[in-house]
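**Q** the following block contains a protein sequence and its predicted model.
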Amino acid sequence: MTEKAVFIYSDDYLKYKFGEKHPLNPIRLEITYDLLTEMGVLDEKDIMCPRMAKEEELALVHSPEYINAVVDAGRNPNGGDFTNFELGTEDNPIFEGMHEASSLIAGGTLTAVEAVMEGKARHAVNIAGGLHHAQRDRASGFCIYNDAAVAIAYLRKKYDIRVMYIDTDAHHGDGVQDIFYDDPDVLVVSLHESGHYLFPGTGDIYEQGTGLGFGSTINIPFEPFTEDESWISAFERVVIPNARAFAPHIIISQHGCDGHHLDPLTHLSLTMKSYEEIPRLVHMLAEQLCEGRLVALGGGGYNIWQVVPRAWALLWCQIAQRDPQEKLPESWIKKWESISGEKLPQTMSDPPDLVPPIPRREEIIEKNNITMNRVLRQSVMFF
Amino acid sequence: MPVLVEDIMTRKVITATPEHSVMDTLKIARQNRIRHVPIVEGNVLKGVVSDRDLRDVSPSVLASMDLELLEKTKVKDIMVTNVITVHPLDTVEDAARLLYENKIGCLPVVVGGNRLVGIVTDGDILFCFVEMMGVLERGSVIRLNIPDKPGSLMKVLELIAKHKISIISIFMLPAGEKGKGKREVTLRLQTIDPSDIVDDIKKLGYEIIWPEFWGEKR
């Protein structure tokens, strides 16, 4: 088997764009790609072009009515009311070519899955993917087609293998959870800021799956202002033993980096330490349990200048086993500072005093520990 | 239309008669996993025994068991007879207040002539509350204090409408002793990003409770 990691990318990814003022700005992909290139850790031979997802592949998880609505809305953005499908809202505005742009992202995740399953690559990274909120019959939270769910359904149908999905976005991975809620061969694990404080509101510990799939959904909700150490210890204590017990054939991971202290949409207090550690842990699990088979996706991340490029550069470096330099390239800083008018970070890691002292730190850690213990107690019975 | 006792009460009530022994009543409570047994003659309510009443008359597990006494004693001799009851058309708020103020766990529901038609327990009230607070639709939460003046909630709602965002639920409470002249509002909005709305609310001069950095204990 090949030792290679591939990076799925195309300039056409930038067409998944809801508008100039929308928080999900696809330029974050370009800034990340540019950082990797300038760092000299990504070159031509690492890159694989995404293909388009076919409609029948999208239909593995989405209803035909919803797919038709996306096609129609994207052809004629001012031509009707699609709010039944949560299209044309402030979160999910309609844009021209919406179906094609969304199909390319879903297709990119399929390209990643195929590369890994066909032995062309050991690992694959698709930073445009990870649109985990999209539901069977409607858009949600900036997500049109649920690329992760499409890829998991494709794996289940074509290979009938056990898939583990690990979602480390600050928001609960509700779309993926709902679509595989009754499938015992898909272990869906989501670590996120508690739904009592953050969108979408779901992801409580008692959401454990249904029917035969009862026990194959694991949620770890964190208190707001949770810091690196508490977050990582939950991953180590809960996710690792459950992954071992489940013994997946492949891991699909979602690497939203919006839990960072500087993210404008959420209230967690993570730093670049977590975004270095998470890919390391996920990579380790894939090596130990799946002969390396790993497809890593992007996700949320709304501080597009200070956070996203560094977090996903670390993701690629860890998975492709490249050496990330601590000092970021001058040329990259200069170029994007002139475009953004913002101060860009000089180093890969965050300054130690980035997060101000959290007044209720001890209570937050204690509450997170109680949550972890509850999740552990209810999950051990299934394996 | 308020939520009424008849909307949430249990209609199939498990009961005992005044002539039942304490032992039998204890068995009825244990087998059905209930904490309160209304005592009826026909369908007329005569009293209630709670798990605590039964426990009070049961011998300690540490002492020698005198089961004969439990079998001989009749439930009519230990039941509470001045029972606080509710009517099916009482509101759930009334029922909740009765439970809370009297520190009790159940309210038999009776109609004309003390005829038992149901029972409401603290558990039923809690379930009702869970449903009201429950997340049925996906959204973001904002909690704020608004001045207790006509039109202040309207200003918030107009602002949300301006952003073309749907409201999933609104919950409004008096802000309590500390917040005289204020009302606390919890809004669930159908959006992943409420930050613009939060900024606009702050511009109105209203106090945001969430999302806000957590200070020291309140």
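**A** Cool, the structure landed. Numbering: from 1, shown residues only, chains lettered A, B, ... in the order given.

**Q** can you show me the helices along chain B?
**A** B:5-8, B:22-31, B:51-57, B:67-72, B:92-102, B:122-133, B:152-162, B:195-203 (DSSP state H).

**Q** these into TSV, with extra columns for distance to residue A:145?
**A** C-beta coordinates here come from the backbone N, C-alpha and C atoms, glycine included. Listed next are the helices of chain B as TSV, based on distance: least, Cβ to Cβ, whole Å:
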stretch	distance to residue A:145
helix B:5-8	41
helix B:22-31	53
helix B:51-57	54
helix B:67-72	67
helix B:92-102	43
helix B:122-133	32
helix B:152-162	29
helix B:195-203	26
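
**Q** and residue A:188, which of these is closest to it?
**A** The closest of the helices of chain B to residue A:188 is helix B:122-133. By Cβ to Cβ, the value is 24.2 Å.

**Q** using CSV, write down the CA coordinates of the closest one.
**A** Output of helix B:122-133 as CSV, limited to C-alpha atoms (Å, rounded to 0.1, in the frame of the first residue of the first chain):
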residue,chain,number,x,y,z
ASP,B,122,-44.0,16.6,40.3
GLY,B,123,-42.6,14.4,37.5
ASP,B,124,-45.5,15.3,35.2
ILE,B,125,-44.8,19.0,35.8
LEU,B,126,-41.1,18.6,35.1
PHE,B,127,-41.9,16.7,31.9
CYS,B,128,-44.2,19.5,30.8
PHE,B,129,-41.3,22.0,31.5
VAL,B,130,-38.8,19.8,29.6
GLU,B,131,-41.1,19.9,26.6
MET,B,132,-41.6,23.6,26.7
MET,B,133,-37.8,24.2,26.9
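
**Q** which residues touch that helix?
**A** Contact partners of helix B:122-133, identified using Cβ atoms under 8 Å, 6 or more residues apart in numbering or on different chains, comprise B:3, B:8, B:9, B:10, B:92, B:95, B:96, B:99, B:105, B:106, B:171.

**Q** can you list the residues of chain A near chain B?
**A** A:23, A:89-91, A:133, A:140-142, A:171, A:174, A:195-202, A:224-225, A:264-265, A:267, A:358-360 (Cβ under 8 Å from any Cβ of the partner chain).

**Q** looking at these, which are in helices?
**A** Those of those lying in helices (DSSP H): residue A:174.

**Q** still on that earlier bit, redo the helices of chain B as JSON lines? Include distance to residue B:182, mean pLDDT and mean neighbour count.
**A** Output for these, formatted as JSON lines (distance: least, Cβ to Cβ, whole Å; pLDDT from 0 to 100; neighbours: other Cβ atoms under 10 Å in any protein chain shown):
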{"stretch": "helix B:5-8", "distance to residue B:182": "31", "mean pLDDT": "92", "mean neighbour count": "17"}
{"stretch": "helix B:22-31", "distance to residue B:182": "45", "mean pLDDT": "91", "mean neighbour count": "17"}
{"stretch": "helix B:51-57", "distance to residue B:182": "40", "mean pLDDT": "83", "mean neighbour count": "14"}
{"stretch": "helix B:67-72", "distance to residue B:182": "55", "mean pLDDT": "82", "mean neighbour count": "12"}
{"stretch": "helix B:92-102", "distance to residue B:182": "21", "mean pLDDT": "92", "mean neighbour count": "15"}
{"stretch": "helix B:122-133", "distance to residue B:182": "21", "mean pLDDT": "83", "mean neighbour count": "14"}
{"stretch": "helix B:152-162", "distance to residue B:182": "9", "mean pLDDT": "94", "mean neighbour count": "14"}
{"stretch": "helix B:195-203", "distance to residue B:182": "14", "mean pLDDT": "94", "mean neighbour count": "15"}
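
**Q** quick one, which of those helices gets closest to residue B:212.
**A** Nearest to residue B:212, of the helices of chain B and by Cβ to Cβ, is helix B:195-203 at 8.8 Å.

**Q** show me what the closest one is packed against.
**A** strand B:140-147, helix B:152-162, strand B:207-210 (3 or more Cβ pairs under 8 Å, 6 or more residues apart in numbering or on different chains; DSSP states H and E).

**Q** thought residue A:72 was touching residue A:85?
**A** No - taking contacts as Cβ atoms under 8 Å, residue A:72 lies outside contact range of residue A:85: 10.0 Å.

**Q** those two: which has the busier surroundings?
**A** A direct count of neighbours by other Cβ atoms under 10 Å in any protein chain shown for residue A:72 and residue A:85 places residue A:85 higher, at 25 against 17.

**Q** for chain A, what is the nearest residue in chain B?
**A** Going by Cβ to the nearest Cβ, chain A is nearest to residue B:138 of chain B, at 3.6 Å.

**Q** tally of neighbours for that residue?
**A** That count, for residue B:138 with other Cβ under 10 Å as the rule, works out to 25.

**Q** wait, it sits on residue A:198?
**A** No - in this structure residue B:138 lies outside contact range of residue A:198 using Cβ under 8 Å: 11.1 Å.

**Q** may I see the helices and strands packed on helix B:195-203 organised as a markdown table, with distance to chain A added?
**A** As requested, those are exported to a markdown table (distance: least, Cβ to the nearest Cβ, whole Å):
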| stretch | distance to chain A |
| --- | --- |
| strand B:140-147 | 4 |
| helix B:152-162 | 11 |
| strand B:207-210 | 7 |
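
**Q** for chain A, what are the nearby residues on chain B?
**A** So chain B meets chain A at B:135, B:137-141, B:163-165, B:188, B:190-193, B:195, B:210-211, B:213-217 (Cβ under 8 Å from any Cβ).

**Q** from those, keep the buried residues only.
**A** Among these, those scoring as buried are B:135, B:138-141, B:165, B:188, B:190-193, B:210-211, B:214 (criterion: 16 or more other Cβ atoms under 10 Å in any protein chain shown).

**Q** Serialize those residues to TSV and add fields for pLDDT.
**A** Shown next, in TSV, are these (pLDDT from 0 to 100):
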residue	pLDDT
B:135	58
B:138	81
B:139	87
B:140	91
B:141	90
B:165	90
B:188	90
B:190	90
B:191	92
B:192	92
B:193	92
B:210	90
B:211	89
B:214	74
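
**Q** in a markdown table: those, plus distance to residue B:202.
**A** Formatted as a markdown table, these follow (distance: Cβ to Cβ, whole Å):
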| residue | distance to residue B:202 |
| --- | --- |
| B:135 | 25 |
| B:138 | 25 |
| B:139 | 20 |
| B:140 | 16 |
| B:141 | 16 |
| B:165 | 17 |
| B:188 | 19 |
| B:190 | 21 |
| B:191 | 17 |
| B:192 | 20 |
| B:193 | 16 |
| B:210 | 13 |
| B:211 | 11 |
| B:214 | 17 |
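
**Q** tally of neighbours for residue A:268?
**A** Residue A:268: 24 neighbours (other Cβ under 10 Å).

**Q** how near is the closest residue to it other than its chain neighbours to residue A:250?
**A** Excluding the flanking residues, the one nearest residue A:268 by Cβ to Cβ, 6 or more residues apart in numbering or on different chains is residue A:259, at 3.9 Å. Per Cβ to Cβ, to the nearest Å, residue A:259 is found 24 Å from residue A:250.

**Q** give me the more crowded residue out of the two.
**A** More crowded of residue A:259 and residue A:250, by other Cβ under 10 Å: residue A:259, with 31 against 24.

**Q** what sits against that one?
**A** Neighbours of residue A:259 in contact, by Cβ under 8 Å, 6+ apart: A:168, A:169, A:170, A:192, A:193, A:231, A:266, A:268, A:270, A:274.
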